[in-house]
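>>> How does the following fold in three dimensions:
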Amino acid sequence: MVKVTLDLSRLLEDGQITRQEHDRLARLGRRDTGSLLVNALIGFGVLAVSGGVLALLPSILTAVPLGLAMLACGAWLVLSGRRRWAVLATILVLVAALLLGASILVLSGGQLSLDGTAEEVPLLDSRIAFLLVAALFAGCAVLAGSGLLVALAVLLLGGMLGSGTAYGHAFYALGTEEPLLTVLAFSGFAAAAHGLAERLRAAGARLADIAARTALLLVNLGFWVGSLWGDNAAWLLRLLWRPVPADAFSIAWALALLGAAIWAGRSNRRWLLNLACVFGGIHFYTQWFERLGATPLSLLGGGVLMLIFAVGLWRLNERWMVEDAAAPHSTASS
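Residues are numbered from 1 along each chain as shown. Model (predicted):
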């Protein structure tokens, strides 16, 4: 399916379409806009009702049946092929997946109530809970074509390896307990998802690409943490009899980013090239201030170098945009 945005008034003025074509396309656009508005209003109404029910009865025993009912309705709309209700179906599946996933994670924390009341013993192991929610999100993503759920599913797999975030007053944290395992596991995952994307149709290929890109973000997270503190996981100590030092992560990360940037540039993969450049800048700044400290001279030097780096990346993207605009487009791709 190809979606194209057209300026009908401009096309009419330039003589690219006739008045009859302009009016027909405008009528189709108004019909789709009205359908979208109805979908959105119903979806927001469902969200409001669901939120009110959960506020009155903040319990897993309320959340799970409500989530299952919403998922069933959304799945029915999708599988019945009712394209006019596609937005509503996506909203229902997305909210149901989040509601059921949150319920599973709450159970793994030893809670039956959504208000934070904890039980003595967790009702579900946390790693199993992460895996179940990741599988739920992946299935719902395929059902609704949701890139958000695919990305969340991959992030939850990262949670199984100890990746996560934390927040406190004026404090943010991003980390992983298994840097090397994160790098190895999600490098393989990204390669597999990329290979799968080339064998799928457009909708499936988009989801596989999102999964691969999210996995690459986790790979860089593993490298980042490892470049600061190394990795002394128990399995590494048993296998190598020593931890992996931070310098090894730093060198490997730099080589991986360089290789990814070269491959992306040659194969015209802009997202990957931008990712490599962004994390290359993060790696540079991290090591720069770790080695030199936050002195006035190091801040000045690092800022100048980063500005040069940013201008170079901007010029490269501008050149690609000009080349795309100048290239002939004889066929349309989906």
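>>> Could you point out the helix or strand that follows the helix-or-strand element of the chain with minimal mean pLDDT?
Every helix and strand of the chain was ranked by mean pLDDT, DSSP states H and E. The lowest is helix 19-56, at a mean of 61. Sequence order places helix 60-79 as the next helix or strand after helix 19-56, per DSSP states H and E.
>>> I'd like the average pLDDT over that following helix.
Taken as a whole, helix 60-79 carries a mean pLDDT of 84.
>>> List the buried residues of that helix.
60, 62-63, 66-67, 70-71, 73-75, 77-78 (16 or more other C-beta atoms under 10 Å). Yep, even glycine has a C-beta here, placed from its N, CA and C like the rest.
>>> And for stretch 222-231?
Buried residues in stretch 222-231 (16+ other C-beta under 10 Å): 222-227, 230-231.
>>> List the residues that contact residue 140.
By C-beta atoms under 8 Å, 6 or more residues apart in numbering, the residues touching residue 140 are 71, 93-94, 96-97, 146, 149.
>>> In helices, which of those fall?
Members of the contacts of residue 140 lying in helices (criterion: DSSP state H): 71, 93-94, 96-97, 149.
>>> and the residues you listed as JSON lines, adding distance to residue 239?
Output for those, formatted as JSON lines (distance: C-beta to C-beta, whole Å):
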{"residue": "71", "distance to residue 239": "43"}
{"residue": "93", "distance to residue 239": "42"}
{"residue": "94", "distance to residue 239": "41"}
{"residue": "96", "distance to residue 239": "42"}
{"residue": "97", "distance to residue 239": "38"}
{"residue": "149", "distance to residue 239": "35"}
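>>> Now do the contacts for residue 130.
Contacts of residue 130 by C-beta under 8 Å, 6+ apart are 105, 108, 156-157, 159-160.
>>> Run a quick neighbour tally on residue 262.
12 (other C-beta atoms under 10 Å).
>>> do you know how far it is from residue 239?
31 Å (C-beta to C-beta, to the nearest Å).
>>> same deal with residue 60?
According to C-beta to C-beta, residue 60 and residue 239 sit 41 Å apart.
>>> got it, and residue 260?
27 Å.
>>> Give me the more crowded residue out of the two.
Using other C-beta under 10 Å as the criterion, residue 260 and residue 239 rank with residue 260 on top: 21 against 9.
>>> Where does pLDDT dip in the stretch 101-250 of the chain?
For the stretch 101-250 of the chain, the stretches with pLDDT under 70 are 109-123, 164-174.
>>> Would you map the strands across it?
With strands called from DSSP state E, counting those that start in this stretch, the stretch 101-250 of the chain shows them at 164-168, 171-175.
>>> these two touch, right, residue 246 and residue 230?
Yes: under the criterion of C-beta atoms under 8 Å, residue 246 makes contact with residue 230 at 4.3 Å.
>>> Convert stretch 78-87 to PDB, retaining C-alpha atoms only.
C-alpha atoms of stretch 78-87 as PDB (Å, rounded to 0.1, in the frame of the first residue of the first chain):
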ATOM      1  CA  VAL A  78      -8.700  -6.100  12.200                       C
ATOM      2  CA  LEU A  79      -9.500  -9.700  11.200                       C
ATOM      3  CA  SER A  80     -12.900  -8.800   9.800                       C
ATOM      4  CA  GLY A  81     -11.200  -6.400   7.300                       C
ATOM      5  CA  ARG A  82     -13.200  -3.400   8.400                       C
ATOM      6  CA  ARG A  83     -10.800  -0.800   7.000                       C
ATOM      7  CA  ARG A  84     -13.000   2.100   8.000                       C
ATOM      8  CA  TRP A  85     -12.400   1.200  11.600                       C
ATOM      9  CA  ALA A  86      -8.700   0.600  11.300                       C
ATOM     10  CA  VAL A  87      -7.700   3.500  13.600                       C
END
